[in-house]
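A.B. asks: pasting the sequence and the predicted model now:
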Amino acid sequence: MPAEDDKLANAITDVTPKLLMAMEALEIAQRNLNPDNIQQLNSLVQNYQSELSSASAILDPLEFPEAISTLGDHLKQACLYCLRAGEGFAKGQEDMLQALRASRAMCRAQEHLYPLAPLLTPINEYFLEPEFRTKSMLQSFIEQPNPECGISHIGNERDKRGGVSIYLPENLDASKPAPLIMPLHGGTGHGSDMLWSWLREARSRGYIIISPTSQGDTWSMMGDDIDAPFLSKYLELAGQQFNIDPTRILLAGMSDGATYALQTGLRPASPFTHIAAFSGVLDPLISINGQIVHAKNRKIYLVHGTRDWMFPIDMARMADTQLKAAGADITFREITDLSHNFARAELPRLLDWFSPPGDAP
């Protein structure tokens, strides 16, 4: 039996870093993806996928003792979904949408990895920004003083619309007001996936995430606004249950989510103190109907890539000009060579803007 135990321990030790490196390679590839460089990025991804595939093939047939069977299930499933993401990215060389959809498999991989963070230090580190990977920070998550913290979902299964996914940092100090982030997914997206685009940064800084899913395939940017009442409801419920900092409530969005965040955040009675729009557009109706007057003194952070193939960079430059003219307190980040992708590398800078280190709870 000791020999079997050694074999299992060696397999876990071997597969874990290869899994994390493969996931980081996929993140880099997704962040830098555009039609011109997909072959080069796929070469990067597949190098790590090959290493993971070999290590996973050794781990997969091994049986875990009952006491740690859950660890085994999660680790094997994380490998499976990471490999699926790599397969999807490879298919993206012929169909760009396949590469974009690979991010959904990555979200599933992270879902299975996250419960292992208190058990395996490399995974704990993976879910923190590099500068926050201190011994004391890592230990604070292992202790998990509040069992009610972590990730939960309310009516937000992936085959449903209109629900919400919530993240409360496990080391949250309920006596101190915490900033809140409400990120909005892009078209056909889902809040349970969008959560993972922000979790590492929110976990590092002690921020709460409320990640909703639109009622339809995308946000109700035209016609009757059926999503705004739900955003208000979830925000109100969060305020009732958690100690939220009322001066730091960020409404953020990607693509359609960014467009809708600007529409919603620029309403006169908006509860959101900050707005962040990634690769979206400023709806012309906001200027036409006079709604843009509510941009005065609003804190807005625009992020857009110079190679965006869906919404050309000139649309973002125009939005910057219009919002400045309306008196918005605006920061515009034009990212060279970024395509229509979520600029996750911008999050540390954005979150320092949202809640400067000296002012953080």
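C.D. replies: Yep, that arrived.
A.B. asks: now whatever helix or strand Thr247 lives in: how far from the chain's centre is it?
C.D. replies: Using DSSP states H and E, Thr247 sits within strand 244-254. In terms of CA atoms, centre = their mean, to the nearest Å, the centre of strand 244-254 is set 15 Å apart from its chain centre.
A.B. asks: buried set for stretch 264-274?
C.D. replies: For stretch 264-274, burial by neighbour count (16 or more other CB atoms under 10 Å) applies to Thr264, Gly265, Leu266, Ser270, Phe272, Thr273, His274. Backbone N, C-alpha and C define where each C-beta goes, glycine included.
A.B. asks: and Leu119, what does it touch?
C.D. replies: Residues in contact with Leu119 (CB atoms under 8 Å, 6 or more residues apart in numbering) are Leu71.
A.B. asks: and the residue nearest the centre of this structure?
C.D. replies: Most central in the chain under CA atoms, centre = their mean is Ser197, positioned 1.1 Å from the mean C-alpha point.
A.B. asks: for stretch 143-158, give me every contacting residue.
C.D. replies: Stretch 143-158 has contacts (CB under 8 Å, 6+ apart) with 114, 118, 162-172, 174, 190-193, 195, 199, 213.
A.B. asks: show the buried residues in those residues.
C.D. replies: The buried subset of the contacts of stretch 143-158 (16+ other CB under 10 Å) comprises 114, 118, 162-172, 190-193, 195, 199, 213.
A.B. asks: any idea of the mean pLDDT in the helix ranked longest in the chain?
C.D. replies: Counting residues, the longest helix found in the chain (DSSP state H) is helix 2-31. In this model, helix 2-31 carries a mean pLDDT of 91.
A.B. asks: got the buried residues for that helix?
C.D. replies: 8, 11-12, 14-16, 18-23, 25-27, 29-31.
A.B. asks: could you do stretch 323-339 as well?
C.D. replies: Neighbour-count burial for stretch 323-339, counted by 16+ other CB under 10 Å, picks out Leu323, Ala326, Ala328, Ile330, Phe332, Arg333, Ile335, Leu338, Ser339.
A.B. asks: which members of the residues you listed occur in helices, if any?
C.D. replies: Residues of those located in helices (DSSP H): Leu323.
A.B. asks: identify the farthest-apart pair in the buried residues of stretch 323-339.
C.D. replies: Greatest spatial distance in these: Ala326 and Ser339, 28.5 Å, computed using CB to CB.
A.B. asks: how about Lys197: what's its closest non-neighbour residue?
C.D. replies: Not Lys; residue 197 is Ser. In this structure, Ser197 finds its nearest non-sequential neighbour in Phe342, 5.7 Å apart by CB to CB, 6 or more residues apart in numbering.
A.B. asks: circling back to that earlier point, tell me if the residue nearest to the centre of the chain really is in a strand.
C.D. replies: No - under DSSP: H, G, I helix; E, B strand; the rest coil, Ser197 sits outside any strand and is assigned helix.
A.B. asks: all numbers from here: first residue = 397
C.D. replies: Sure, I'll start counting at 397 from here, so that last one is Ser593.
A.B. asks: who are the contact partners of it?
C.D. replies: By CB under 8 Å, 6+ apart, the neighbours of Ser593 are Pro579, Met650, Phe738, Arg740.
A.B. asks: helix/strand/coil for the first one?
C.D. replies: When you say that, I think you mean Pro579. Secondary structure, three-state DSSP: Pro579 is strand.
A.B. asks: pretty sure it sits against Met590.
C.D. replies: Yes - here Pro579 reaches Met590: they are 5.1 Å apart, a contact under CB atoms under 8 Å.
A.B. asks: if I look at those two, which residues touch both of them?
C.D. replies: Common neighbours of Pro579 and Met590 (criterion: CB under 8 Å, 6+ apart): Ser607, Met650, Gly653.
A.B. asks: which single one of those residues is nearest to Ser616?
C.D. replies: For these, the nearest to Ser616 is Gly653 (12.0 Å; CB to CB).
A.B. asks: helix/strand/coil for that closest one?
C.D. replies: helix.
A.B. asks: what bridges to the nearest residue to it once chain neighbours are set aside?
C.D. replies: Spatial nearest neighbour of Gly653, excluding adjacent residues (CB to CB, 6+ apart): Leu580 at 3.1 Å. Judged by DSSP bridges, the bridge partners of Leu580 are Gly649.
A.B. asks: pLDDT at Leu580, what is it?
C.D. replies: Looking at Leu580, the pLDDT reads 98.
A.B. asks: how about Asn542?
C.D. replies: The model's pLDDT for Asn542 equals 68.
A.B. asks: try the one 3 residues further on
C.D. replies: Reading off the per-residue confidence, Cys545 sits at a pLDDT of 89.
A.B. asks: where's it relative to Arg596, distance?
C.D. replies: Taking CB to CB, to the nearest Å as the measure, Cys545 falls 16 Å from Arg596.
A.B. asks: the residue nearest to Gly653 is in contact with Ala648, isn't it?
C.D. replies: Yes - between Leu580 and Ala648 there is a contact under CB under 8 Å: 6.8 Å.
A.B. asks: identify the contacts common to the two.
C.D. replies: Here Leu580 and Ala648 have Ala654, Ala657 as joint contacts, going by CB under 8 Å, 6+ apart.
A.B. asks: the two: which is more packed in?
C.D. replies: Ranked by neighbour count (other CB atoms under 10 Å), Leu580 and Ala648 place Leu580 first, with 31 against 26.
A.B. asks: residue contacts, the more buried one?
C.D. replies: Going by CB under 8 Å, 6+ apart, the list of residues near Leu580 reads 590, 608, 610, 615, 647-650, 652-654, 656-657.
A.B. asks: please repeat the previous calculation with a cut-off of 10 Å.
C.D. replies: Contact analysis of Leu580 by CB atoms under 10 Å, 6 or more residues apart in numbering lists 587, 590, 607-610, 614-615, 623, 627, 647-657, 660, 672-674, 676.
A.B. asks: fine, thanks again, bye for now.
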